[in-house]
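Undergrad: the sequence and its predicted three-dimensional model are supplied below.
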Amino acid sequence: MLQISYANYEALRAHGEETYPHECCGVLLGKNEPGTGNRVQQLVRAGNTRTDSAHNRYNIAPQELVKIQRQARGLGLDIVGFYHSHPDHPAQWSPTDFAEAHWLGCSYIITSVDNGKAVLTNSFLLTGTTEEDKKFEDEAIEIEIAEAQAGK
């Protein structure tokens, strides 16, 4: 299960709306909690370096990913996943998404953005022990709404 605050959930969906009709992308920082899964504590927006087909592909520059990983360590956190949007396409991983997913144990969140509006958000856990046996498993998203209610 992926645990994420309401604010972070809404922020990643808003990111997809802002970059429409191109894919957005970013990194999920947090901790893996044994028995419960990945808990997201912070989002880091990343630049989509794909210039050839940014409407249906994304790439985070290696230098930016290293910088984000250092930032996470400085905060006592880990990279627990990634997110991106699918403009006018379902919130389902594609063969390209699978081929380019290499962080075993990480969550991969995809938000479908139809006509500029975030519609559906799904998460997939990359499981396995090697590139040869990796696979995506559907992952439930638990949205922590306590902070949303506290503001009312």
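TA: Sure thing, it's come through.
Undergrad: please, which helix or strand holds the nearest residue to Ala72 once chain neighbours are set aside?
TA: Nearest residue to Ala72, sequence neighbours excluded (CB to CB, 6 or more residues apart in numbering): Leu29, at 4.7 Å. Glycine gets a C-beta too; all of them are placed from N, C-alpha and C. Counting by DSSP states H and E, the element that carries Leu29 is strand 25-33.
Undergrad: mind listing what's buried in the following helix or strand past that strand?
TA: Next helix or strand after strand 25-33 toward the C-terminus (DSSP H and E): strand 37-46. The neighbour-count check on strand 37-46 (16 or more other CB atoms under 10 Å) flags 37-41, 43-46 as buried.
Undergrad: direction included, what does strand 37-46 pair against?
TA: If you go by DSSP bridges, strand 37-46 pairs up with strand 2-5 (parallel), strand 25-33 (antiparallel).
Undergrad: chain center to the strand holding Leu29: distance?
TA: 8 Å (CA atoms, centre = their mean, to the nearest Å).
Undergrad: where does this protein have low pLDDT?
TA: The model of the chain has pLDDT under 70 over residues 54, 147-152.
Undergrad: all strands of the protein, in order?
TA: Taking DSSP state E to define them, one finds strands in the chain at 2-5, 25-33, 37-46, 78-87, 107-114, 117-127, 135-139, 141-144.
Undergrad: show me what the residue nearest to Ala72 is bridged to.
TA: Beta-bridge partners of Leu29, counted by DSSP bridges, are Gln42, Ile79.
Undergrad: so what's it up against?
TA: Contact partners of Leu29, counting by CB atoms under 8 Å, 6 or more residues apart in numbering, are 40-44, 68, 71-72, 75, 77-80.
Undergrad: how far away is it from His55?
TA: Separation of Leu29 from His55 (CB to CB, to the nearest Å) stands at 27 Å.
Undergrad: same question, Leu43
TA: Leu43 sits 22 Å away from His55, going by CB to CB.
Undergrad: is it correct that Met1 is in contact with Arg39?
TA: No: using CB atoms under 8 Å, Met1 is not in contact with Arg39, being 9.2 Å away.
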